[in-house]
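Student: Let's see this in three dimensions:
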Amino acid sequence: MSERTVGTVYRLLKEKGYGFVRTQDGREAFLHRSACKDPALFDGLTEGDQVTFSESMNKRGLRAEDVS
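Tutor: Okay, here's the model as predicted:
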């Protein structure tokens, strides 16, 4: 099992379906609605909520995947 990263949601743009998470070591990850394990999870998130996720990288940077 791969290691999970813990982060805090610091910005949400729910109407656009994405937001951003700051990891405990200060890195920033993009969070898209489709990356949430449960489709209802994204709709229930608020800024300041803690989430766990797997990390992936793309040309734009760190991305949160498999978010719970």
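Student: can you tell me which residues contact the residue nearest the centre of the chain?
Tutor: The chain has residue 31 as the residue nearest its centroid, 3.8 Å off, counting by CA atoms, centre = their mean. For residue 31, the contact set (CB atoms under 8 Å, 6 or more residues apart in numbering) comprises 9, 18-21, 51, 53, 63-64, 67. For the C-beta atoms, the positions are set from N, CA and C on the backbone; glycine is no exception.
Student: same check, this time on residue 28
Tutor: By CB under 8 Å, 6+ apart, the neighbours of residue 28 are 10, 20-22, 61-62.
Student: gap between it and residue 55?
Tutor: Separation of residue 28 from residue 55 (CB to CB, to the nearest Å): 12 Å.
Student: Find the residues that touch each one of these two.
Tutor: Common neighbours of residue 28 and residue 55 (CB under 8 Å, 6+ apart) are residue 62.
Student: Any idea how many residues pack against the closest residue to residue 51 other than its chain neighbours?
Tutor: Sequence neighbours aside, residue 67 is the residue nearest to residue 51 in space, at 5.4 Å (criterion: CB to CB, 6 or more residues apart in numbering). Residues contacting residue 67 under the criterion other CB atoms under 10 Å number 25.
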